[in-house]
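Chemist: 3D model of this:
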Amino acid sequence: MAVDIDSIKRLKDLTGVGLTDAKKALEESKGDFDKALKAMRQKGLTKAEKRGEREARAGVIGTYNHDNRIGVIVEVNCETDFVARNDIFKDLVKDICMHVAASNPEFVSEADITEDKKKKVTQEFSEQAKASGKPKDVVDKIVDGQVKKFFAERCLMDQPFVKNPDITVGEFVKDHVARLGENIVIKRFARIALGEVA
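Modeler: Model prediction:
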């Protein structure tokens with residue numbers, strides 16, 4: 001079936017694939033743009049998973065100031081200076097900065113949580129759950145769920161993305177890995193709020 005060139009270009013721009021791949025995806029989906037987009041994104045995300053193993057040393061330090069009351073600084077790494085200078089990458093960094101300002105995460109990902117912090121939080125939830133008088137196996141499941149939820153709310157990569165709460169920040173970053181063809185890593189961030197006690 002014939003696919004119009006505007007749809008091919010639009011799919012190429014949204015996913016970062018070549019024109020031939022975009023055309024093929026549209027033909028396979030019988031001209032259904034949304035179906036083609038979903039298929040291309042899934043392929044791109046599979047490639048993105050593999051790219052996650054590659055070293056990212058280039059990048060950008062992004063900053064954001066909200067009403068002179070909240071300041072954010074974020075280091076986002078990629079593999080090359082070429083991508084670091086790309087507007088798509090720069091916009092990603094701005095969006096991450098704005099998200100940190102709005103959602104106030106404590107950690108980049110679960111890997112940054114110390115064992116002491118995990119133990120302390122688990123102990124607090126355990127004491128609360130034991131007081132309910134429920135059986136031990138039920139208490140363990142409750143505590144496990146509460147601990148996961150507690151840290152998911154505080155890990156940047158697990159938080160719902162402020163501009164699109166249907167996806168997490170991690171999924172938003174993976175989408176950009178697929179579009180730009182390089183590993184992207186949020187290395188660290190700092191958030192300062194006026195009058196906040198450290």
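Chemist: and the next element down the chain from the helix or strand of the chain with the lowest mean pLDDT?
Modeler: Least confident helix or strand of the chain, by mean pLDDT, DSSP states H and E, is helix 33-51 with a mean of 66. Counting by DSSP states H and E, the next helix or strand C-terminal to helix 33-51 is strand 58-66.
Chemist: and the residue with the largest distance to the centre of the chain, which of the three is it?
Modeler: For the chain, the largest distance from the centre (C-alpha atoms, centre = their mean) belongs to residue 133, which lies 38.7 Å off. Classification of residue 133 using DSSP: H, G, I helix; E, B strand; the rest coil returns coil.
Chemist: Can you give me every residue that contacts the closest residue to residue 134 other than its chain neighbours?
Modeler: Spatial nearest neighbour of residue 134, excluding adjacent residues (C-beta to C-beta, 6 or more residues apart in numbering): residue 142 at 7.2 Å. Using the backbone N, CA and C atoms, a C-beta is placed for each residue, glycine as well. For residue 142, the contact set (C-beta atoms under 8 Å, 6 or more residues apart in numbering) comprises 125, 129, 132, 134.
Chemist: which phi and psi does residue 105 have?
Modeler: Main-chain torsions, residue 105, degrees, to the nearest 10: phi -70, psi 160.
Chemist: Next one: it from residue 144, what distance?
Modeler: For residue 105, the distance to residue 144 (C-beta to C-beta, to the nearest Å) stands at 21 Å.
Chemist: Now the contacts of residue 142 in JSON lines, please, with extra columns for distance to residue 32.
Modeler: Output for the contacts of residue 142, formatted as JSON lines (distance: C-beta to C-beta, whole Å):
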{"residue": "125", "distance to residue 32": "46"}
{"residue": "129", "distance to residue 32": "49"}
{"residue": "132", "distance to residue 32": "51"}
{"residue": "134", "distance to residue 32": "50"}
